[in-house]
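Pasting the sequence and the predicted coordinates here, then a few questions.
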Amino acid sequence: MGSGPDSDEVIAYTLEDVPGESPQNVQCTTTSSQSIEVVWSPPPPAAQNGIIRGYKILHTTIDRDDGDDETKAETPQATATRLQLHGLSKYTNYSIQVLAYTRVGEGLASNSVYCRTDEDVPGPPADIKALVMSSDAIIVTWKSPDNPSGIIMKYTLYMRVAETGDHHVGKHILSSVPHLSFVAQGLKENIRYEFWVTASTVMGEGESTKVVSQSPKSRALIYSRCQ
């Protein structure tokens, strides 16, 4: 008596599942004012629970003043372990996570890492206006740029006499705080002057506002025209 012959070998596999752990060693590096590079390692082999079909990179803005935070998913090739995020907002802080997925679904997202895109030249200051103060003075006001693209270091106000052959442009440099206005004095009554303003970050001078124009007038003339 004894044991009988062995049966034929049968190989069986358990079903796939979602990854049991997140990708490892997630890091981000700012590469420009609108791009960030993300690198990572796959989940540990014992926690992959199947064939990793790809990754998703989740990036969320976290310091938008308008409260319009948004999350976007970028999916690189299945074998990739790095990705350049492009088209990001300038000088904006991002929270970045990476997750892996199998045929069954998505696994856990990694802990967040944070990167801020670089500064760039700013957009134009907003809402420029030129108002008459007296027969020889005009006040020009404006607001901070809607897209500062960094820390505003200074504003530059330009002015010139309109509709003459004189192409001379006056230039006045103002620190960013608290200056959002400038009084042009010593002007000639009833002569039209043009004004425009730019903002600057450490990266340089940005786009200018539209050109606004105004003519100094005496208070008596201003009052009579308001009647």
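Good, I have the coordinates. Not measured: the values here are computed from a predicted model.

Please make it C-alpha for all contacts and neighbour counts, starting now.
Noted.

So what's the model's average confidence on stretch 28-37?
Stretch 28-37 carries an average pLDDT of 96.

Could you tell me which residues within that stretch count as buried?
28-30, 32-37 (16 or more other CA atoms under 10 Å).

and of these, the nearest to V98?
C28 (10.9 Å; CA to CA).

For that closest one, give me its contacts.
36-39, 96, 113-115 (CA atoms under 8 Å, 6 or more residues apart in numbering).

Assign it to helix, strand or coil.
strand (DSSP: H, G, I helix; E, B strand; the rest coil).

follow-up on the earlier one: so which of the contacts of C28 wins on neighbours?
In terms of neighbours by other CA atoms under 10 Å, the contacts of C28 top out with I96 at 25 neighbours.

Which of the helices or strands spans the closest residue to it other than its chain neighbours?
What sits nearest to I96 in space, not counting adjacent residues and going by CA to CA, 6 or more residues apart in numbering, is H59, at 4.5 Å. In this structure, H59 sits in strand 54-61 according to DSSP states H and E.

Show me what that strand is packed against.
strand 71-74, strand 93-101 (3 or more CA pairs under 8 Å, 6 or more residues apart in numbering; DSSP states H and E).

deepest of the ones you listed, which one?
Among the helices and strands packed on strand 54-61, strand 93-101 has the highest mean neighbour count (mean count of other CA atoms under 10 Å), at a mean of 24.

tell me which strands and helices that one is in contact with?
Partner elements for strand 93-101 (3+ CA pairs under 8 Å, 6+ apart): strand 24-32, strand 54-61, strand 113-116.

That strand: how far from the chain's middle?
On the basis of CA atoms, centre = their mean, to the nearest Å, strand 93-101 sits 18 Å off its chain's mean C-alpha point.

Mind listing residues that contact that strand?
Taking CA under 8 Å, 6+ apart as the rule, strand 93-101 contacts 18-19, 22-23, 26, 28, 40, 42-43, 52-63, 106-117.

CA atoms only: put it into PDB for me.
C-alpha atoms of strand 93-101 as PDB (Å, rounded to 0.1, in the frame of the first residue of the first chain):
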ATOM      1  CA  ASN A  93       0.900  76.900  -5.200                       C
ATOM      2  CA  TYR A  94      -0.100  73.400  -6.100                       C
ATOM      3  CA  SER A  95      -1.000  70.300  -4.100                       C
ATOM      4  CA  ILE A  96       0.100  67.200  -6.100                       C
ATOM      5  CA  GLN A  97      -0.900  63.500  -5.500                       C
ATOM      6  CA  VAL A  98      -0.200  60.400  -7.600                       C
ATOM      7  CA  LEU A  99      -2.300  57.200  -7.700                       C
ATOM      8  CA  ALA A 100      -1.900  53.900  -9.600                       C
ATOM      9  CA  TYR A 101      -4.700  51.900 -11.100                       C
END
